[in-house]
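Chemist: sharing a model prediction with you, sequence too.
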Amino acid sequence: TANGNAKPLHVFGGQDSSIPSEINVTVTSGASELALSPDGDTIVFVARGDLYAMRKHDKIKRATRITSHAASDSNPVWIEDGKGLLFVSERDGNSEIYRARPTEEDTPFYKARHFKVERVSETIEDESSLALSPDGKTLAWVQGNGHLVVGNPETLEVSHSICQAFEAPNYDWSPDSSWL
């Protein structure tokens, strides 16, 4: 305005109804990093840098896209008894840990159409190599080049620093979740 005060400017626009809200994408190869849900009913996989979920069924070949971003998403890990998913993405400049959940509570991933994706870690170092313990209570991951840590899978609060190396170590959880 002439006196320097801000005034709201209302802008109206139309939506092009010819642009579909859902798009079918065929993935015939290149799927990797499969993760089976704790109940064994849903498979999450990475294809073309995005995460997809599909019901484990012989006749159903349709998957739901969980993420769609220019940055690649990888390393999906089920948490919260299958109600949440952690993954690694570089969408904010370096590899960080993100959480995805269906926006409609209690909707299985394979049925959901919309997801809430939120950044969980916020460090200057890259995060990688997520692995949830078999009992689901502890997450192991690598910070930076080779700092293996374990902590809470929901908050990513580090409870133990396992080792610090020049490169990411290879590791697996013991079946009783006691050892790496």
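Modeler: Nice, thanks for sending it over. This is a predicted model, so every value here is computed, not measured.
Chemist: hey, where'd the strands end up in this structure?
Modeler: Secondary structure of the chain (DSSP state E): strands at 32-36, 42-47, 50-55, 63-65, 73-79, 84-89, 96-102, 115-119, 127-132, 139-143, 147-151, 158-164.
Chemist: isn't Gly146 up against Tyr171?
Modeler: No - look at Gly146 against Tyr171 with Cβ atoms under 8 Å: they stay out of range, at 11.1 Å. No exception for glycine: its C-beta is placed from N, CA and C like everyone else's.
Chemist: show the contacting residues for Ser159.
Modeler: 138, 150-152 (Cβ atoms under 8 Å, 6 or more residues apart in numbering).
Chemist: flag the shaky bits of the protein, pLDDT-wise.
Modeler: Residues of the chain meeting the criterion pLDDT under 70: 1, 9-23.
Chemist: mind running it again at 80?
Modeler: Within the chain, the set of residues satisfying pLDDT under 80 comprises 1-4, 6-28, 57-61.
Chemist: ok, Thr26 - contacts?
Modeler: Contacts of Thr26 by Cβ under 8 Å, 6+ apart: none found.
Chemist: equivalent analysis for Phe45, please.
Modeler: 31-35, 51-52, 54, 63, 76.
Chemist: can you do 7 Å?
Modeler: Contacts of Phe45 were listed using Cβ atoms under 7 Å, 6 or more residues apart in numbering, and they are 31-34, 52.
Chemist: same deal with Pro102?
Modeler: Residues near Pro102 by Cβ under 7 Å, 6+ apart: 109, 112, 115.
Chemist: ditto for Val149
Modeler: 141, 143, 158, 160-162.
Chemist: could you flag which of these are buried?
Modeler: Buried members of these, counted by 16 or more other Cβ atoms under 10 Å: 141, 143.
Chemist: and of the contacts of Val149, the nearest to Asn94?
Modeler: Of all the contacts of Val149, Gln143 has the smallest distance to Asn94: 11.1 Å, by Cβ to Cβ.
Chemist: ok, what's across the strand from the closest one?
Modeler: Glu127, His147 (DSSP bridges).
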